[in-house]
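# Attaching a predicted model along with its sequence, questions to come.
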Amino acid sequence: MKKLFYIGALGLILFEILKVYFIMPMPGSQEMYSIDLAYFLHVWRWVFRLVLGGLALAGIFWAYRSQRWVTLIFAAICLLVVWQFNFKMAADKMFLLPTKIVMVDSITNKIPSEKLVLGIQLNGESRAYPIQLIAYHHQVLDTLVGKPIMVTYCSVCRSGRIFEPSVNGTPESFRLVGMDHFNAMFEDKTTKTWWRQASGEAIAGPLKGTLLPELPSQQTTLKQWLALYPNSKVMQPDSTFIEEYTDLNDYDFGIERGNLTRTDTLSWQDKSWVVGLELAGSSKAIDWNLLKEKRIVNITLAGRPIVVALASDNQSFFALERPSDKPFTLENDSLVGENKKYNLLGYSAGNNNLPLKPVKAYQEFWHSWRTFHPDTEKK
């Protein structure tokens, strides 16, 4: 009978480790295509715990009579592993939501102007979310013009996205559950489906294959954002998390030294920066070093002419459709094409000219973009 204790205790230890291993950045775990196995372990976790825990309890008396100290040590290790992997290493226990969202105008703002923000503009109202803050929280829930928004960021992929927090038109709440291929995953409260941050796609669970509605966003420096949207509100630090924010102080500028968040300065390495573009089912990655050198790149994507420009701050980038195949040039921070001049948002000084259409464009680590866009072209 004492064997039942050791089988149950060892099985429970192994189960709790594997349940976390597949969805956290541990050696080898994020290179595997193991999301279905991870979700299976998660869904049936209480069955595994009851069966294995029952075996351990059934044999603990006999094991204790035979080897008292060995049994006590095994039981203590088992309890420690259960506690550690469920209450210390769980993603939503490591990265907490803000206790409050404080938005202020440019005059009251305390965020340095050179910091990067993820900005959004809807119906004449705009807001900016400093990447240093949302990179820790992973998601910030807010409301803009009466519309709930879910501002997300994954520091390991360097990917920022803003979604509507709704599933099939119904408002929903999400928790950070872990990661897959180094990208953050969220679990919705109602169906327990797992959603990928980099695309908003449901990758495991009842709604697999569904997409969260994405809202247009723009990554720029705060200075550039306020130049374009001077009435914008800016998110301020939550005083509860000052230490966590400080740990990410160098993240914006690519000088983090952590293995997961560092930057490769050479092109097309795993941690190299790219600007990834999506249009009509096609995608293309532009080398960040090339964009810094040229400041403007004219490309074709899905048969449409595109211009990608880097502002004079060398951080803020913009992607727009060109009206024809004729290439654009850049004068200071103005786009010039076909004898017309546009600002970086694609608006012309002349009232008779239609604005250029924006194209989905994201700064991202190359390993992330190529993983989630396996057919992407390179520039």
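Happy to help now that I have it. Numbers count the residues shown, from 1 in each chain.

# ok, the spatially closest residue to residue 125 that is not a sequence neighbour - how many residues close by?
The spatially closest residue to residue 125, leaving aside those adjacent along the chain, is residue 145, at 5.0 Å (C-beta to C-beta, 6 or more residues apart in numbering). All C-beta atoms are positioned from the backbone trio N, CA, C, and that covers glycine. Residue 145 has 12 neighbouring residues, counting by other C-beta atoms under 10 Å.

# hang on, residue 145 packs against residue 126?
No - when contacts are counted by C-beta atoms under 8 Å, residue 145 is not listed as touching residue 126 (10.0 Å).

# Direction included, what does the helix or strand harbouring residue 121 pair up with?
Element membership for residue 121 (DSSP states H and E) is strand 116-122. Counting by DSSP bridges, the strands paired with strand 116-122 are strand 125-130 (antiparallel), strand 218-221 (antiparallel).

# what bits of the protein have low per-residue confidence?
The model of the chain has pLDDT under 70 over residues 350-352.

# now the strands paired with strand 116-122 as TSV including distance to residue 47 and mean neighbour count?
Listed next are the strands paired with strand 116-122 as TSV, based on distance: least, C-beta to C-beta, whole Å; neighbours: other C-beta atoms under 10 Å:
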stretch	distance to residue 47	mean neighbour count
strand 125-130	40	23
strand 218-221	43	23
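
# so can I have a markdown table of those strands showing distance to residue 344?
Compiled in a markdown table, the strands paired with strand 116-122 are given as follows (distance: least, C-beta to C-beta, whole Å):
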| stretch | distance to residue 344 |
| --- | --- |
| strand 125-130 | 15 |
| strand 218-221 | 9 |
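
# With residue 319 as the reference, name the closest of the ones you listed.
strand 218-221 (9.7 Å; C-beta to C-beta).

# helices or strands next to the helix or strand just after the closest one in the packing?
Per DSSP H and E, the first helix or strand lying C-terminal to strand 218-221 is helix 222-228. Contacts defined by 3 or more C-beta pairs under 8 Å, 6 or more residues apart in numbering; DSSP states H and E place helix 222-228 against strand 116-122, strand 125-130.

# Output helix 222-228 as PDB, restricted to C-alpha atoms.
Backbone C-alpha positions of helix 222-228 (Å, rounded to 0.1, in the frame of the first residue of the first chain) are rendered in PDB as follows:
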ATOM      1  CA  LEU A 222       5.000  60.200 -26.500                       C
ATOM      2  CA  LYS A 223       6.300  63.400 -28.000                       C
ATOM      3  CA  GLN A 224       5.300  62.400 -31.500                       C
ATOM      4  CA  TRP A 225       1.900  61.200 -30.400                       C
ATOM      5  CA  LEU A 226       1.100  64.500 -28.600                       C
ATOM      6  CA  ALA A 227       2.300  66.400 -31.700                       C
ATOM      7  CA  LEU A 228      -0.300  64.500 -33.700                       C
END
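
# got the contact list for that helix?
The list of residues contacting helix 222-228 from outside it, by C-beta atoms under 8 Å, 6 or more residues apart in numbering, reads 106, 109, 111-117, 119, 126, 128, 130, 218, 220, 232, 234, 311, 313, 315-316, 343-345.

# just checking, next helix/strand downstream of it?
strand 233-235.

# Where do the domain boundaries of this protein fall?
2-89, 103-253, 273-378 (automatic domain parsing).

# Residue 267: which of the ones you listed is closest?
domain 273-378 (4.8 Å).

# Contact partners for residue 119?
Contacts of residue 119 by C-beta under 8 Å, 6+ apart are 126-129, 217-220, 225, 229, 232.

# Sorry, slip of the keys, the one I care about is residue 265.
Per C-beta under 8 Å, 6+ apart, neighbours of residue 265: 254, 272, 289.

# run the last query once more with 10 Å
254, 271-273, 288-289 (C-beta atoms under 10 Å, 6 or more residues apart in numbering).

# and of those residues, the nearest to residue 38?
Nearest to residue 38 among the contacts of residue 265, with distances taken as C-beta to C-beta, is residue 271, at 24.3 Å.

# Can you pull the phi/psi pair for the closest residue to the closest one other than its chain neighbours?
Leaving aside its sequence neighbours, residue 271 sits nearest to residue 264 (C-beta to C-beta, 6+ apart; 4.1 Å). When quoted as degrees, to the nearest 10, the phi and psi of residue 264 stand at phi -90, psi 130.

# what about residue 264, neighbour count?
15.

# Could you check how far it is from residue 67?
The spacing between residue 264 and residue 67, counted by C-beta to C-beta, to the nearest Å, is 52 Å.

# and the spatially most central residue of the chain, bridged to which residues?
By C-alpha atoms, centre = their mean, the chain has its centre lying nearest to residue 154, at 2.7 Å. Applying DSSP bridges to residue 154 yields these beta-bridge partners: residue 159.

# show me the contacts for residue 378.
By C-beta under 10 Å, 6+ apart, the residues touching residue 378 are 267-268, 274, 284-287, 366, 369-370.

# hmm, try it at 7 Å
residue 285 (C-beta atoms under 7 Å, 6 or more residues apart in numbering).

# who's it bridged to?
Residues in beta-bridge contact with residue 378 (DSSP bridges): residue 285.

# now do residue 299
residue 306.
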